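Engineer: This is the structure alone, sequence omitted:
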C-alpha cells in the first residue's frame, strides 16, 4: 500500500467522485426522464427530480408495449424474456462448451492437440461481425431463422472462454489429477469432483462476462429475427426510437433503458459473492 | 501386502530420452525400500512406473503375482503420497481420505471406520472437518498419508514426501513414517534424494544413477561397502575422498607425492602395478600418533568449523583431500600432517569402470 497522506487521500476522493458523477449522472437523468410525461421532458429545463408517472410509464411499457409501426406493441416483459433466454443460453452454452474443450486440450494427449488449440485460439480474431454473412447463410440453410437456436448457437463457440479455462487448468497441479487417478476417479469423475469445484470462481467471472455479452447482442438478433415474437430488448429500444413524423415517447424509451440495465446488474451483484469467496479462499 | 518385481524395465520418453535403462529389482513383501539418487537419475520415474502414472516402454512390472504393465493406476491396488501432498483443496480432510474409498463403492460404515482409525493413528482426528489450506505442512502430510492408509493397499509409494517440510518437521515425520511402517508392515517404496532419509528409513537402499541401479543393499552396506565410485561419493557427507594411486604389492598402494596406504588384501583383489582410485571417508582418517603413519600425509589449506567437528581441506599428493576431525583436536598448523588410516577403511576402485575391486 501507498503511504497515507491527507492530500493524497483528498485527491483520490476527488478523482473517484468525479468518476462516479460522470458515470452515474446520465443514469440518473435517464431514470428521472422515465418518470415524467413526455411533454415535460421535451421542455427546458429538463427535470432533475423524479416525477409522478413512474408506475404508469413502467406499467404501460411492461405490459402493453409501445404502439408504433416498428415496435408494434410488443410488451417489454416479452422482450426481456427473450433477451434473458438468449443471454442465459449463450452464457451457459459458452461455459459448457469451453470447459469441455479446455479439459480435452489440457488433460488428454491426442494427435494434433496443439494444432487444435491454435485453431481455436485463432478464431478469437473472428467475431460474429466478421463472419456474419457465411454464418447467416449456414443458419438460414439449417432453417433456424426466427428461433432461439438460431439466435444463440452461432454465438456459443468461444475461444476466449476456452483459452481462460485452459490457462486455469494449467495452474492446477498435475499431482491432483494423478492422485485422483490413483483414487479411482476416471476423467469424467475427475472433472466433476475436482476440476469443476476448483473452477467456480472462474465460472462465476465468465458467467458475468458472457451473460452481459449475450444480453447486449444487437447485430446478430437484428439479422436473424423478423418475427416480433423474438424481439430482444436491445433491438426493441432501437425500434422504439425509430418513429416517423413524430417525437419518440422518450419517457417510455428511458424506462426501457433502465429495465434493460437491471438483469446484467443483478447478475453482477449475485455473482459477486462467488468472486469474493473465490478470492478469499485462494486454495489450490 | 505384496512384493513388487521389476524385470528389465525401461522407459524411453517420446523424443528419445531414456530415463530408465533395463532395470531389474525385486522388492520383498513388507519391506521398506528407498530409491536414492541425485535429481534426474530416474528414481521418481521408476516409482511412477510402478504406480502406473508412466507407461512402461519395455520389461514387466509385477505387483504380487500379477503383471500390471497395462493395468490402470486405480486397479493396481497401490497408494501414493506426493511431494506437494496433492490434497483436494475443496474437500474436507475427511472427504479427502474417503474419496478413494467412495470411488470404489466401499460401504459407508466401513469408510467411516477406516478414516477414523487412520486419523487416530496419525493424530489428525481434530481436523477432519477442516479444509487442507487450514492445516500446517506437517498436518497436510499426515492427511496425505492417511489417504493412502485408508485404502489398505498392496504397496505404499512415497514420492519425496518430506521435501516440502522444514528441517525440524522432516525429522519428526521421518520418525513417524518409520513407526507407521513398523506398525502396518506394508510394502513401502520411498523416493528421496536425501541420504539421511534413506539411511534412517530403509530396510533396503537402492542407489540409482543415470537410469541404472548402482547398488542395492542395507543402509550399512551401502555406506561401508560401496559397490561403485558413484555410491561411495554419493553416500556420506562430506563425500568420500578419491585419490589416484598405483598398487605396488599385496595390500599396498602408492599415492604419488604423498606416501603409501595399506588396504585389506582379503577384501580387495588387485594385480600389482594397476592404476586405481583409492577411496577414504573423511571421518575414517585421524591424525597419526608418532610411528603410526605409513607416510600418508595431508597438506592442510583451510579449515571449516562445524561445531562438533571440523573439516580440514588440503592436498594429498596433488589430489584434494578432506579430513574430518573432532573439534577438540589441536590446531594442525601449516606443515604436512601425517595421517593414520585403518586398512579396512580403505576402498579401492577401478579407475575406468568405477567399480569397487572387491573379491567375489
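Structural biologist: Noted; the coordinates are in hand. Model, not experiment: these values are computed from the prediction.
Engineer: list the buried ones in the helix or strand bottoming out on mean pLDDT in chain A?
Structural biologist: The helix or strand with the lowest mean pLDDT-type score in chain A, counting by mean pLDDT, DSSP states H and E, is helix A:38-41 (a mean of 75). Under the neighbour-count criterion of 16 or more other Cβ atoms under 10 Å in any protein chain shown, helix A:38-41 has A:38, A:40, A:41 buried. The C-beta positions use only the backbone N, C-alpha and C, and glycine is treated the same way.
Engineer: Name the residues of the stretch 201-350 of chain B found near chain A, please.
Structural biologist: Residues of the stretch 201-350 of chain B lying close to chain A (Cβ under 8 Å from any Cβ of the partner chain): none.
Engineer: just to revisit the earlier point, against which helices or strands is the least confident helix or strand of chain A packed?
Structural biologist: For helix A:38-41, the elements it packs on are helix A:250-280, judged by 3 or more Cβ pairs under 8 Å, 6 or more residues apart in numbering or on different chains; DSSP states H and E.
Engineer: of the buried residues of helix A:38-41, closest to chain B?
Structural biologist: For those, the minimum distance to chain B (Cβ to the nearest Cβ) is 52.8 Å, reached by residue A:41.
Engineer: What residue in the stretch 101-250 of chain B comes nearest to chain A?
Structural biologist: Taking Cβ to the nearest Cβ, the stretch 101-250 of chain B has residue B:103 as its residue nearest chain A, at 3.8 Å.
Engineer: Go ahead and confirm that residue touches residue A:192.
Structural biologist: No. Under the criterion of Cβ atoms under 8 Å, residue B:103 is not in contact with residue A:192, lying 11.7 Å apart.
Engineer: Between those two, tell me which one has more neighbours.
Structural biologist: residue B:103 (16 against 12; other Cβ atoms under 10 Å in any protein chain shown).
Engineer: Could you measure from residue B:39 over to residue A:146?
Structural biologist: With distances taken as Cβ to Cβ, to the nearest Å, residue B:39 is found 64 Å from residue A:146.
Engineer: I meant to write residue A:41 there.
Structural biologist: For residue A:41, the distance to residue A:146 - Cβ to Cβ - is 36 Å.
Engineer: tell me the helices in the stretch 101-250 of chain B, going along the chain?
Structural biologist: Taking DSSP state H, counting those that start in this stretch as the test, the helices found in the stretch 101-250 of chain B are B:108-122, B:137-149, B:167-184, B:195-201, B:219-224, B:229-234.
Engineer: so who does the residue of the stretch 101-250 of chain B closest to chain A touch?
Structural biologist: Counting by Cβ atoms under 8 Å, 6 or more residues apart in numbering or on different chains, residue B:103 makes contact with A:183, A:184, A:185, A:189, B:74.
Engineer: which non-adjacent residue is nearest the first one?
Structural biologist: Spelled out, that is residue A:183. Setting aside the residues directly before and after it, residue A:183 is nearest to residue B:100 in space (Cβ to Cβ, 6 or more residues apart in numbering or on different chains), at 3.6 Å.
Engineer: does that neighbour really touch residue B:150, like I thought?
Structural biologist: Yes. Under the criterion of Cβ under 8 Å, residue B:100 makes contact with residue B:150 at 7.2 Å.
Engineer: So what's the residue count around residue 253?
Structural biologist: Chain wasn't specified; assuming chain A. 22.
Engineer: That was the other one, I meant chain B.
Structural biologist: Neighbour tally, residue B:253, other Cβ under 10 Å: 25.
Engineer: Please apply the same query to residue B:240.
Structural biologist: 24.
Engineer: just the one 4 residues further on next, same as before
Structural biologist: By other Cβ under 10 Å, 15 other residues sit near residue B:244.
Engineer: Over to residue B:58?
Structural biologist: 14.
Engineer: What helix or strand is the residue nearest to the spatial centre of chain A located in?
Structural biologist: Taking Cα atoms, centre = their mean as the criterion, residue A:212 is the residue nearest the geometric centre of chain A, at 1.2 Å. Assigned by DSSP states H and E, residue A:212 belongs to helix A:200-215.
Engineer: buried stuff in that helix?
Structural biologist: A:201-215.
Engineer: any idea how far the helix or strand of chain B with the lowest mean pLDDT is from the chain center?
Structural biologist: In chain B, the helix or strand scored least confidently by mean pLDDT, DSSP H and E is strand B:259-262, which has a mean of 84. On the basis of Cα atoms, centre = their mean, to the nearest Å, strand B:259-262 sits 32 Å off its chain's mean C-alpha point.
Engineer: and that strand, which strands flank it?
Structural biologist: strand B:252-255 (antiparallel) (DSSP bridges).
Engineer: Can you give the distance from the strand it pairs with to the centre of its chain?
Structural biologist: 32 Å.
Engineer: go on, stretch B:174-190?
Structural biologist: The answer for stretch B:174-190 is 15 Å, by Cα atoms, centre = their mean.
Engineer: swap in stretch B:342-354?
Structural biologist: Mean-position distance between stretch B:342-354 and its chain equals 21 Å (Cα atoms, centre = their mean).
Engineer: Quick one: end-to-end distance for that stretch.
Structural biologist: 22 Å (Cα to Cα, to the nearest Å).
Engineer: since we're on residue A:166, how many residues are nearby?
Structural biologist: 19.
Engineer: what does residue A:143 give?
Structural biologist: The burial count for residue A:143: 10, using other Cβ under 10 Å.
Engineer: Tell me the residues of chain A that contact chain B?
Structural biologist: A:173, A:175-176, A:178-185, A:189, A:193-194, A:197-198, A:281, A:283-284.
Engineer: Buried subset of those residues as a PyMOL selection?
Structural biologist: Per 16+ other Cβ under 10 Å, the buried members of these correspond to this PyMOL selection:
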select buried, chain A and resi 175+176+178+179+180+181+182+183+184+185+193+194+198
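Engineer: In helices only, show me the residues of chain A next to chain B.
Structural biologist: Members of these lying in helices (criterion: DSSP state H): A:175, A:176, A:178, A:179, A:180, A:181, A:182, A:189, A:197, A:198.
Engineer: Near the residue nearest to the fifth one when sequence neighbours are not counted, how many residues? Count them for me, please.
Structural biologist: Read that as residue A:180. Nearest-residue entry for residue A:180: residue A:190, 4.5 Å, with adjacent residues in sequence omitted and distances by Cβ to Cβ, 6+ apart. By the criterion of other Cβ under 10 Å, residue A:190 has 19 neighbours.
Engineer: So residue A:190 is in contact with residue A:174, correct?
Structural biologist: No. Look at residue A:190 against residue A:174 with Cβ under 8 Å: they stay out of range, at 11.9 Å.
Engineer: For burial, what's the neighbour tally of residue A:153?
Structural biologist: 18.
Engineer: buried residues in the one helix or strand it maps to?
Structural biologist: Using DSSP H and E, residue A:153 maps to helix A:148-156. Neighbour counts over helix A:148-156 (16+ other Cβ under 10 Å) mark A:150, A:151, A:152, A:153, A:154, A:155, A:156 as buried.
Engineer: tell me the angle of the next helix or strand after that helix relative to helix A:200-215?
Structural biologist: Moving toward the C-terminus from helix A:148-156, the next helix or strand (DSSP H and E) is helix A:159-171. Between helix A:159-171 and helix A:200-215, the angle comes out at 180 degrees (axes from the mean of the first three to the mean of the last three Cα atoms, to 10 degrees).
Engineer: Pull the distance from helix A:159-171 to the chain's centre.
Structural biologist: Taking mean C-alpha positions (Cα atoms, centre = their mean), helix A:159-171 and its chain are 19 Å apart.
Engineer: residues in contact with that helix?
Structural biologist: A:94-95, A:97-99, A:101-103, A:105-107, A:117, A:120-124, A:195, A:199, A:202, A:206, A:210, A:284.
Engineer: Pull out the buried members of those residues.
Structural biologist: Using 16+ other Cβ under 10 Å, the buried members of the contacts of helix A:159-171 are A:94-95, A:98-99, A:101-103, A:105-106, A:117, A:120, A:195, A:199, A:202, A:206, A:210.
Engineer: follow-up on the earlier one: what count of nearby residues applies to the nearest residue to the residue nearest to the centre of chain A once chain neighbours are set aside?
Structural biologist: Spatial nearest neighbour of residue A:212, excluding adjacent residues (Cβ to Cβ, 6+ apart): residue A:264 at 4.8 Å. Other residues near residue A:264 come to 18 when the count uses other Cβ under 10 Å.
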